[in-house]
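Participant: coords below, sequence missing:
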């Protein structure tokens, strides 16, 4: 039986997304469907449950790379900003969505704040391992 770190990230995120929808502390804000995910994006996310997918992805990333902060996650979720004349450059993702997701995961007890960043709690590891089961 693989753990969340050994299993396929796509499967873990898909299953964790569905489980996160059941947790009352994790809810998208009113403005979530109206803003882009960062300056590199051309449009707002079209996916209906974008907030829960990003929350599951952030939780898995914190489990793999922790302790991490908002800035490191902004770099991870950023992307290319294409230019017509000059070369493309990497742009960070928006910090508000990542910060709010981390705060919601903290309220749910899946993540806790440490001195140098956030780490996954034992409840969060159990949650991800449960999502990794096939």
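Facilitator: Perfect, thanks for sending it. The model shown is predicted, which means the values in this text are computed figures rather than measured ones.

Participant: Quick one: residues in contact with the helix or strand harbouring residue 103.
Facilitator: Using DSSP states H and E, residue 103 maps to helix 95-107. For helix 95-107, the surrounding residues in contact (Cβ atoms under 8 Å, 6 or more residues apart in numbering) are 25-27, 29, 32, 35, 37, 51, 54-55, 58-59, 62, 70-71, 73-74, 77, 111-113, 118, 124. Backbone N, C-alpha and C define where each C-beta goes, glycine included.

Participant: what sits against residue 130?
Facilitator: Contacts of residue 130 by Cβ under 8 Å, 6+ apart are residue 19.

Participant: So how do I select the buried members of the contacts of helix 95-107 in PyMOL?
Facilitator: With 16 or more other Cβ atoms under 10 Å as the criterion, this PyMOL line picks the buried residues out of the contacts of helix 95-107:
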select buried, resi 26+32+37+51+54+55+58+59+62+70+73+74+77+111+118+124
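
Participant: Take the contacts of helix 95-107 and keep only those in strands.
Facilitator: 111-113, 118 (DSSP state E).

Participant: what's the farthest-apart pair in those residues?
Facilitator: Using Cβ to Cβ, the two most remote members of those are 111 and 113, lying 7.7 Å apart.

Participant: what's in contact with stretch 31-43?
Facilitator: Residues contacting stretch 31-43 (Cβ under 8 Å, 6+ apart): 44-45, 50-51, 54, 74, 77-81, 90-94, 97.

Participant: What residues sit buried inside the helix holding residue 103?
Facilitator: 97-98, 100-102, 104-106.

Participant: Pick the one among the residues you listed closest to residue 128.
Facilitator: residue 105 (11.4 Å).

Participant: Can you tell me the closest non-neighbouring residue to residue 5?
Facilitator: Of all residues not flanking residue 5 in the chain, residue 64 sits nearest, at 5.9 Å (Cβ to Cβ, 6 or more residues apart in numbering).
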